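In: Structural data only, the sequence is not supplied:
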């Protein structure tokens with residue numbers, strides 16, 4: 001249980017660093033909105049976060 005928790009936390013940090021490196025502050029904001037939407041089960045936040053990340057990915 002502890003190993004899986006540490007693995008997921010390390011993966012989350014790696015994804016956040018990759019998004020920050022690739023997309024900058026807008027990517028971090030999009031990722032935070034997406035993560036908040038997933039945690040609170042808010043469809044609007046999920047859609048906004050995904051839209052920001054997709055638009056950044058298409059623009060690069």
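Out: Okay, I see it. Treat the numbers as computed from the prediction; the structure is a model and nothing was measured.

In: Quick check: residue 20 vs residue 54, distance?
Out: Look at residue 20 and residue 54: by CB to CB, to the nearest Å, they are 17 Å apart. From N, CA and C alone the C-beta is placed, and that goes for glycine too.

In: Low-confidence stretches in this structure?
Out: 60 (pLDDT under 70).

In: same thing but at 90, please
Out: Along the chain, segments meeting pLDDT under 90 span 1-5, 8, 12-13, 15-16, 18-23, 59-60.

In: Helices of this protein, start to end?
Out: 2-40, 43-59 (DSSP state H).

In: Dump these to a markdown table, plus mean neighbour count.
Out: As requested, the helices of the chain are exported to a markdown table (neighbours: other CB atoms under 10 Å):
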| stretch | mean neighbour count |
| --- | --- |
| helix 2-40 | 13 |
| helix 43-59 | 14 |
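
In: so residue 44 touches residue 36, yeah?
Out: No. Using CB atoms under 8 Å, residue 44 is not in contact with residue 36, being 10.5 Å away.

In: what sits against the closest residue to residue 53 other than its chain neighbours?
Out: Excluding the flanking residues, the one nearest residue 53 by CB to CB, 6 or more residues apart in numbering is residue 30, at 4.5 Å. Neighbour list for residue 30: 19, 23, 48-53, 56 [criterion: CB atoms under 8 Å, 6 or more residues apart in numbering].

In: would TSV of the residues you listed with distance to residue 13 be doable?
Out: Below are these laid out as TSV (distance: CB to CB, whole Å):
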residue	distance to residue 13
19	11
23	16
48	23
49	18
50	21
51	24
52	20
53	17
56	20
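
In: Which member of those is positioned nearest residue 5?
Out: residue 19 (21.4 Å; CB to CB).

In: Would you check that that closest one makes contact with residue 25?
Out: No. Using CB under 8 Å, residue 19 makes no contact with residue 25, being 10.3 Å away.
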